[in-house]
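Participant: Everything below, folded, please.
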Amino acid sequence: MTAALVLIAVFTLATAAVALALRNLIHSALLLIASWFGIAAFYLWAGAEFVAFAQVLVYVGAVSMVVLFAVLLTRRSRADTVVTSDSLSRAISAVITGVAVFGVLAAAIFGARLTPSTAAAPTATVRDIGMQLMGTHAAALLIIGILLTVALLGAVVLAAQDPDETKKDAP
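Facilitator: A predicted model of the protein is given here:
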């Protein structure tokens, strides 16, 4: 492993771990964005430039904005939050789940065969991928964009309604 890969991995895993540990949702969302930048840096290190730029555009640009809007629109006031007494059992469950996930990942990593493949990798340029997306799949790409926009607007409308207004509408 090279030093660059180790730095990228430490940065990505550290920001993801801190994002999981924080209780402030805004700070967690911002650290999640930093973690997605780390994944994009890994793609750049691996030589997959198109995937790295797609990662930045889609996750860092679009998904992070949706997450931030969702957090800001659905935040409850401090008076609405109730502290439960089962926080110790939740912490124990989280540790057990984390150890289990780490065990599965470690078994997968150490059980993987690390010999290089003799098959030639397919060559596709960014131009070829762009021609496919904007040629034969252009309609599907536009429909997905419209559906995601409508879903985001619907979420904003639902989140922006006052609780008193929804109680009046109920029969």
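Participant: What is the neighbour count of residue 106?
Facilitator: 10 (other C-beta atoms under 10 Å). Placement of C-beta: from N, CA and C, glycine included.
Participant: And the helix or strand encompassing it, how far out from the chain middle?
Facilitator: Using DSSP states H and E, the element containing residue 106 is helix 87-110. Between the centre of helix 87-110 and the centre of its chain there are 20 Å (C-alpha atoms, centre = their mean, to the nearest Å).
Participant: can I get the CA coordinates of it in CSV?
Facilitator: Extracted in CSV, the C-alpha atoms of helix 87-110 (Å, rounded to 0.1, in the frame of the first residue of the first chain):
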residue,chain,number,x,y,z
SER,A,87,-29.4,4.5,26.1
LEU,A,88,-27.1,1.9,27.7
SER,A,89,-28.8,-1.0,25.9
ARG,A,90,-28.7,1.0,22.6
ALA,A,91,-25.0,1.6,23.1
ILE,A,92,-24.4,-2.1,23.8
SER,A,93,-26.4,-3.1,20.7
ALA,A,94,-24.4,-0.6,18.6
VAL,A,95,-21.1,-2.0,19.9
ILE,A,96,-22.2,-5.6,19.2
THR,A,97,-23.3,-4.6,15.7
GLY,A,98,-20.1,-2.7,15.0
VAL,A,99,-18.0,-5.7,16.1
ALA,A,100,-20.1,-8.0,13.9
VAL,A,101,-19.7,-5.8,10.8
PHE,A,102,-16.0,-5.4,11.5
GLY,A,103,-15.7,-9.2,11.7
VAL,A,104,-17.5,-9.8,8.4
LEU,A,105,-15.4,-7.1,6.7
ALA,A,106,-12.2,-8.5,8.1
ALA,A,107,-13.1,-12.0,7.0
ALA,A,108,-13.9,-10.8,3.6
ILE,A,109,-10.6,-8.8,3.3
PHE,A,110,-8.4,-11.5,4.6
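Participant: Poorly predicted segments of the protein, please.
Facilitator: 1, 75-85, 160-171 (pLDDT under 70).
Participant: wait, doesn't residue 44 sit right on residue 52?
Facilitator: Yes - here residue 44 reaches residue 52: they are 4.5 Å apart, a contact under C-beta atoms under 8 Å.
Participant: Show me the domain layout of this structure.
Facilitator: 1-76, 126-171 (automatic domain parsing).
Participant: Can you tell me which of those is most buried?
Facilitator: Most buried of the domains of the chain by mean neighbour count (mean count of other C-beta atoms under 10 Å) is domain 1-76; its value is a mean of 15.
Participant: coming back round to it: elements contacting the very next helix or strand once past the helix holding residue 106?
Facilitator: Following helix 87-110 in sequence order, the next helix or strand is helix 126-134 (DSSP H and E). Judged by 3 or more C-beta pairs under 8 Å, 6 or more residues apart in numbering; DSSP states H and E, the packing partners of helix 126-134 are helix 49-55.
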